[in-house]
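In: Below is the sequence, then the predicted model.
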Amino acid sequence: MKTTFSEIPEAYKINSLLHQKTYLVDGELKQWKGEMAEVHSTISSTENYTPTVLGTIPQLGEKEALDALNSACLAYDKGQGLWPTMKVIDRIACMEKFAQQMKTKREEVVKLLMWEIGKNLPDSEKEFDRTVDYIYDTIEAYKQIDRDSAKFEKNAGVYAHIRRGPLGVVLCLGPYNYPLNETFTLLIPALIMGNPVIFKPAKIGVLLISPLLEAFQNSFPKGVVNIVYGRGRVLATPIMQSGRIDVLALIGNSKSANALQAEHPKGNRLRMVLGLEAKNPAIVLPDADLDLAVEECIAGTLSFNGQRCTALKVLYVHESIVDEFNKRFSEKVDALKFGNPWETGAKLTPLPEAEKPAYIRELIDDALEKGAKKLNEKGGETSDNFIFPAVLYPVTKNMRVFKEEQFGPVIPIVPFNDIEKPLDDMAESNYGQQVSLFGKDIHTLSPLIDTLVNLVCRVNLNSSCQRGPDVYPFTGRKDSAYGTLSVHDALRSFSIRTFVASKDNAYNNAILEELLDKKTSNFISTDYIL
Ligand code: G3H
């Protein structure tokens, strides 16, 4: 897309480059004097297309990775560190301090989200606001967990004071499509439960963390948050090989998760919290409200250009309605506006991975060669940083676009007349995150729902797939996830139940009473946080 510098609204112009010369280890923003890497946006600022340089980031090496690991291990200090033993109320105070400062950085972060990953303005703002809400909701959920455990239980003559404790040192890696939100849905619960973290921002969507570095530094005790920059292989491999990581928290793909997990010398010690790839289908039944189905499938397949793990990546449409569905759907796709992220009404935006248009083109060509047709006029039109979504029909199992998670703008449509076809495909698939089911008749829907809930982890009735609201469990089967994330579940995923038990006798009871009375233990406490 051709853009001249003068066409970019003043507020979003890149007038100066952001050189991130520090990284956060041991509570210090350390200066880096070694190799730097340029950060580019695929959005052009000149009439003749050229990617825009946004700034530079450090390319840290193994030594700095291991310094970050040592810093986190010291902060944990075998469970004796300040952070893991701190009173819940004090950890919450640190988190609130961070959130307060984070809120002041909205404009900078939103602008960088648009430039670095091409997310449109409303969605970039939503990503920021949703993340701040997530922090406050997490604080409330943690208070509730704490209130629920502010008591003693007694069974078979044994008192128990049961709480949730931290797991240890967490390595946190987030994805480029939600470089702020999804990373923070790992980072925030991990931290608040008392775990120190080492966080490496995603390859794309990295500079947007810079405005938050100081807030991280001054809100948490030394060594609790460590932020390193560079190549995943160089940094994450030695960290995992050390065997000192207790939790791998990653949103990305199963190949990276498996490779990193394999580096850990003691797999049995490693907890994993993983959000991975998916190929969520939509199933459109003969009695579906077609307008509604089309509208939801547009949002499901093409929000943020299809670059969402929850995106609808294949549409199964019943043969009796497929022609009409295809007609209405293709028209709507062609009517979507492509533009730079700040342009009003831009639903489709530049792709942040320079090589993505060529990959999507390969999928289209492969499908066309194997007998599919491109239904929409604009499908496949390519510019320097974009390829217009192609609607492909009829798609069959031997096509790459059926098998691969496209994570971009191309929509395969598969006709069916027997409902067993999509069900069999889903059962055979490596993925099991969500499905969208469009239809009305309860006698048809009931048995389908009862089966689909066992193939995926969320059945969206007459609506597209999505992660939110964040209070609901976000998880998946097979290669799609490991562990469950939601405001509440994430707190559980990053902690373990641990308790103090004592036999009911006068000797022990007097000790417990004194502990409660003198408030000398941060763990044994029945204080109620409001
Ligand atoms: O990339 C996957 C995200 O979790 C999707 O979240 O459904 O809110 O876009 P979303």
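Out: On my side now, so go ahead.

In: May I ask which helix or strand encompasses residue 412?
Out: strand 410-416 (DSSP states H and E).

In: residues in contact with the residue nearest the centre of the chain?
Out: Geometric centre of the chain, nearest residue: residue 182, 2.9 Å, by C-alpha atoms, centre = their mean. Residue 182 is in contact with 174, 175, 251, 275, counting by C-beta atoms under 8 Å, 6 or more residues apart in numbering. In this view, the C-beta of every residue, glycine as well, is placed from N, C-alpha and C.

In: PyMOL command to pick out the buried ones of those?
Out: Here is the PyMOL selection string for the buried members of the contacts of residue 182, based on 16 or more other C-beta atoms under 10 Å:
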select buried, resi 174+175+251+275
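
In: Return the distance of the strand holding residue 412 from the chain's centre.
Out: Distance of strand 410-416 from the chain centroid (C-alpha atoms, centre = their mean, to the nearest Å) equals 26 Å.

In: How about stretch 149-169?
Out: 31 Å.

In: what about that stretch, start to end distance?
Out: With C-alpha to C-alpha, to the nearest Å as the measure, the ends of stretch 149-169 fall 24 Å from one another.

In: Just the buried residues of that stretch, please?
Out: For stretch 149-169, a neighbour-count test (16+ other C-beta under 10 Å) marks 149, 152, 159, 161, 163, 164, 165, 166, 167, 168, 169 as buried.

In: Out of those, the closest to the ligand would be?
Out: Nearest to the ligand among the buried residues of stretch 149-169 is residue 167, at 22.7 Å by C-beta to the nearest ligand atom.

In: Need the pLDDT of residue 105.
Out: On pLDDT, residue 105 comes in at 98.

In: Next one: the residue lying closest to it once chain neighbours are set aside from residue 152, what distance?
Out: Sequence neighbours aside, residue 211 is the residue nearest to residue 105 in space, at 4.1 Å (criterion: C-beta to C-beta, 6 or more residues apart in numbering). Residue 211 sits 45 Å away from residue 152 when distances are taken as C-beta to C-beta, to the nearest Å.

In: Same question for residue 231.
Out: Separation of residue 231 from residue 152 (C-beta to C-beta) stands at 50 Å.

In: Same question for residue 33.
Out: Distance from residue 33 to residue 152, by C-beta to C-beta: 55 Å.

In: burial count for whichever residue of the stretch 101-250 of the chain sits closest to the ligand?
Out: Nearest to the ligand in the stretch 101-250 of the chain, going by C-beta to the nearest ligand atom, is residue 177, at a distance of 5.1 Å. By other C-beta atoms under 10 Å, 23 other residues sit near residue 177.

In: pLDDT value on the nearest residue to residue 269 once chain neighbours are set aside, please?
Out: Once flanking residues are discounted, residue 269 sits nearest to residue 246: 6.8 Å by C-beta to C-beta, 6+ apart. pLDDT recorded at residue 246 is 98.

In: So which of the buried residues of stretch 149-169 are in helices?
Out: Among the buried residues of stretch 149-169, none falls in helices (DSSP state H).

In: I'd assumed residue 213 was in contact with residue 29.
Out: Yes. Assessed by C-beta atoms under 8 Å, residue 29 is found in contact with residue 213 at 6.4 Å.

In: packing partners for the strand holding residue 412?
Out: strand 312-318, helix 322-334, helix 356-369, strand 390-393, helix 400-403, helix 420-428 (3 or more C-beta pairs under 8 Å, 6 or more residues apart in numbering; DSSP states H and E).

In: Contacts for the fourth one, please.
Out: For strand 390-393, the surrounding residues in contact (C-beta under 8 Å, 6+ apart) are 322, 326, 329-330, 333, 360, 364, 367-368, 372-376, 379-380, 399, 401, 409-413, 415.

In: before we move on, what about stretch 452-460?
Out: With C-beta under 8 Å, 6+ apart as the test, stretch 452-460 has contacts from 280, 423, 426-427, 432-437, 449, 465-466, 472-473, 475-477, 480-481.

In: now stretch 256-266
Out: 171, 173, 232, 236-237, 240-241, 243, 245, 248, 250, 267, 270, 272, 274, 276, 482.

In: so how far is it off the chain centroid?
Out: In terms of C-alpha atoms, centre = their mean, the centre of stretch 256-266 is found 20 Å from the chain centre.

In: In PDB, could you pull the C-alpha coordinates for it?
Out: Output in PDB follows, covering the C-alpha atoms of stretch 256-266 (Å, rounded to 0.1, in the frame of the first residue of the first chain):
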ATOM      1  CA  SER A 256       8.600 -24.300  19.800                       C
ATOM      2  CA  ALA A 257       6.900 -25.600  23.000                       C
ATOM      3  CA  ASN A 258       8.100 -29.200  22.300                       C
ATOM      4  CA  ALA A 259      11.600 -28.000  21.400                       C
ATOM      5  CA  LEU A 260      12.000 -25.900  24.600                       C
ATOM      6  CA  GLN A 261      10.500 -28.600  26.800                       C
ATOM      7  CA  ALA A 262      13.000 -31.100  25.400                       C
ATOM      8  CA  GLU A 263      15.900 -28.900  26.400                       C
ATOM      9  CA  HIS A 264      14.900 -29.200  30.100                       C
ATOM     10  CA  PRO A 265      17.000 -32.000  31.700                       C
ATOM     11  CA  LYS A 266      14.200 -32.900  34.100                       C
END
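
In: Counting neighbours, which bits of it end up buried?
Out: For stretch 256-266, by 16+ other C-beta under 10 Å, it's 256, 257, 260, 261, 263, 264.

In: which stretches of the stretch 51-200 of the chain form helices?
Out: Taking DSSP state H, counting those that start in this stretch to define them, one finds helices in the stretch 51-200 of the chain at 62-76, 82-85, 88-103, 106-117, 121-148, 181-192.

In: other SSEs contacting the third one?
Out: Right, the one you point to is helix 88-103. Judged by 3+ C-beta pairs under 8 Å, 6+ apart, helix 88-103 is in contact with helix 121-148, helix 181-192, helix 213-219.

In: now those as a markdown table including distance to residue 83 and mean pLDDT?
Out: Formatted as a markdown table, the helices and strands packed on helix 88-103 follow (distance: least, C-beta to C-beta, whole Å; pLDDT from 0 to 100):
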| stretch | distance to residue 83 | mean pLDDT |
| --- | --- | --- |
| helix 121-148 | 14 | 98 |
| helix 181-192 | 8 | 98 |
| helix 213-219 | 12 | 98 |
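
In: Save these as JSON lines, and put in distance to residue 518 too.
Out: Shown next, in JSON lines, are the helices and strands packed on helix 88-103 (distance: least, C-beta to C-beta, whole Å):
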{"stretch": "helix 121-148", "distance to residue 518": "20"}
{"stretch": "helix 181-192", "distance to residue 518": "26"}
{"stretch": "helix 213-219", "distance to residue 518": "30"}
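
In: what does this protein have sitting close to the ligand?
Out: 177, 178, 182, 308, 309, 310, 466, 467, 468 (C-beta under 6 Å from any ligand atom).

In: Tell me who's in contact with the last one.
Out: The reference is to residue 468. For residue 468, the contact set (C-beta under 8 Å, 6+ apart) comprises residue 130.

In: quick one: low-confidence parts of the stretch 1-150 of the chain?
Out: Along the stretch 1-150 of the chain, the parts satisfying pLDDT under 70 run over 1-3.
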